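Student: What follows is a protein structure lacking sequence information:
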């Protein structure tokens, strides 16, 4: 840094400084040759070796759907323990890039003095997203329920519980990467127009307009919006395409979602060990056919393992996905709703090539009761029994009189009522 200070006194046409987000020393000059000269002077005059590389891009992360998640921190190790219990709703919002926190608790289920602790715990987490570790933006977090212990609850316990909810909730909320989009103006001779437009298309740019330059006859001004991550070598490439006559300006305007293939590359560059790809777009939501071709494209673009997801409900589907996409693994989502046996069924099909026999009503009933008990252990009786209503609907799809059973289950308030109905109807 001392060498750069002295060089800057001699040559004020370059600037430098530390980027607090990427932790890089950023140096900017007239062109790449100018920067190379500065690096050479650092070495010859001050014996400082420096490496030039493109600056890291300040990506962001956000979520695309609403989820409700339970976070509980409970620890007992002699003396006072630690206890914090929160239910948080995460959802996307467009009002502010900063996280919006809301408190919807009633009846003192979480004491007022611990509400700021929950918010603090979340704000400590949003600086690192779940995909590639970039800051999370456009997020709304709502605390709507919870519980506490009169002795063991503390500020730190509720911060930790909020952090647990964040780490468990965001991966299920449709996380995605956002990239900075820049407004580009390119000043070029008419003869170079075709090369410039073609190059912008390769950089995923959108041309917004082309107008004659009022100050230079025979010149054009091309206006476009382009991902800033694609512009690291643009100064060199523009000089080559325009024989050194072209120039441009670029300024940040907003963030936009990154295409899936590019997201996979960014995650890999950020140190991701694997990437899961769903073959259905946000606009499709849960309808329509999953596009497995995008899984294949991602597999071809990265070297880390790729896990495919979408429209896998049995062993034949899994086998076909492996064959068509060459993915490294298969992720099961909705295929497991009402069918927790699917995982052992996939293994059975892989080993034998045969689909398993259909489960009997008795087997399904026993699994539902076991499911209910596990829900009660994890979420408490009140929440568990109400959530079991939707699970029963999935478990009993295709069974005789299932519509009547689902209607009766919707009025069940306890495990005993649930058990009685299942024993009577199945």
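Tutor: That came through fine. In this text the structure is predicted, and so the values were computed from the model without any measurement. Numbers count the residues shown, from 1 in each chain.
Student: contacts, neighbours, all on C-alpha from now
Tutor: Will do.
Student: can you count the residues close to residue 312?
Tutor: 22 (other CA atoms under 10 Å).
Student: quick one: contacts of stretch 29-49?
Tutor: 3, 4, 7, 13, 14, 15, 27, 28, 50, 51, 235, 236 (CA atoms under 8 Å, 6 or more residues apart in numbering).
Student: Please pick the buried ones from these.
Tutor: 4, 7, 14, 235 (16 or more other CA atoms under 10 Å).
Student: Please, which helix or strand holds the second one?
Tutor: This points to residue 7. helix 2-10 (DSSP states H and E).
Student: pLDDT of that helix, averaged?
Tutor: Mean per-residue pLDDT for helix 2-10: 88.
Student: Next, the angle from the next helix or strand after that helix to helix 2-10.
Tutor: For helix 2-10, the succeeding helix or strand toward the C-terminus, using DSSP H and E, is strand 15-19. Calculated by axes from the mean of the first three to the mean of the last three CA atoms, to 10 degrees, strand 15-19 forms an angle of 140 degrees with helix 2-10.
Student: Show me what strand 15-19 pairs with in its sheet, parallel or antiparallel.
Tutor: Partners of strand 15-19 in the sheet, by DSSP bridges, are strand 24-28 (antiparallel).
Student: I'd like to check what contacts the partner strand. Which residues are they?
Tutor: Contacts of strand 24-28 (CA under 8 Å, 6+ apart): 14, 15, 16, 17, 18, 19, 35, 55.
Student: Mark which of those are buried, thanks.
Tutor: For the contacts of strand 24-28, buried by 16+ other CA under 10 Å: 14, 35.
Student: Including distance to residue 281, could the contacts of strand 24-28 go into a markdown table?
Tutor: What follows is the contacts of strand 24-28, written out as a markdown table (distance: CA to CA, whole Å):
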| residue | distance to residue 281 |
| --- | --- |
| 14 | 44 |
| 15 | 43 |
| 16 | 41 |
| 17 | 40 |
| 18 | 38 |
| 19 | 34 |
| 35 | 43 |
| 55 | 31 |
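Student: Double-check residue 265 against residue 303; I have them as touching.
Tutor: No: checked against CA atoms under 8 Å, the pair residue 265 and residue 303 is beyond contact range at 9.0 Å.
Student: Low-confidence ranges, the stretch 151-300 of the chain, go.
Tutor: Within the stretch 151-300 of the chain, the stretches with pLDDT under 70 are 282-287.
Student: Do a quick rundown of the helices in it.
Tutor: 155-169, 193-202, 234-241, 260-269, 293-301 (DSSP state H, counting those that start in this stretch).
Student: Excluding chain neighbours, give the residue nearest to the residue minimising distance to the centre of the chain in space.
Tutor: Nearest to the mean C-alpha position of the chain, counting by CA atoms, centre = their mean, stands residue 175 at 2.5 Å. Leaving aside its chain neighbours, residue 175 sits nearest to residue 63 (4.2 Å; criterion: CA to CA, 6 or more residues apart in numbering).
Student: And that neighbour, how far from residue 140?
Tutor: 10 Å (CA to CA, to the nearest Å).
Student: what touches both of those two?
Tutor: 91, 92.
Student: Select the longest strand from the protein.
Tutor: strand 175-189 (DSSP state E).
Student: Could you list the residues in contact with it?
Tutor: 57-64, 130-131, 213, 218-229, 242, 245-258, 263.
Student: strand partners of it, parallel vs antiparallel please.
Tutor: Strands adjacent to strand 175-189 in the sheet, as given by DSSP bridges, are strand 60-63 (antiparallel), strand 219-227 (antiparallel), strand 247-257 (antiparallel).
Student: Give me the distance between that strand and the centre of its chain.
Tutor: 21 Å (CA atoms, centre = their mean, to the nearest Å).
Student: got the buried residues for that strand?
Tutor: So for strand 175-189, counting by 16+ other CA under 10 Å, buried means 175-189.
Student: in the chain, which spans are strands?
Tutor: 15-19, 24-28, 60-63, 67-75, 82-92, 100-103, 139-147, 175-189, 206-212, 219-227, 247-257, 275-278, 306-309, 329-331.
Student: What average pLDDT does stretch 117-134 get?
Tutor: If you average the pLDDT values across stretch 117-134, you get 95.
Student: now it: how far from the chain's centre is it?
Tutor: Stretch 117-134 has its C-alpha centroid displaced from the chain centroid by 13 Å (CA atoms, centre = their mean).
Student: still on that earlier bit, mean neighbour count, the helices of the stretch 151-300 of the chain: which tops it?
Tutor: Comparing these by mean neighbour count (mean count of other CA atoms under 10 Å), helix 155-169 ranks first with a mean of 23.
Student: Residues touching that helix, excluding its own?
Tutor: 67-74, 82-88, 90, 114, 117-122, 125, 130.
Student: Let me know the angle separating it from strand 67-75.
Tutor: Using the same axes, to 10 degrees: helix 155-169 against strand 67-75 is 140 degrees.
Student: so what's residue 257 up against?
Tutor: By CA under 8 Å, 6+ apart, the contact set of residue 257 is 176, 177, 178, 179.
Student: Distance-wise, check residue 194 relative to residue 222.
Tutor: When residue 194 is compared with residue 222 (using CA to CA), they lie 11 Å apart.
Student: Pretty sure residue 86 is one of the things residue 153 touches, is it not?
Tutor: No: the criterion here is CA under 8 Å, and residue 153 misses it with residue 86 at 11.7 Å.
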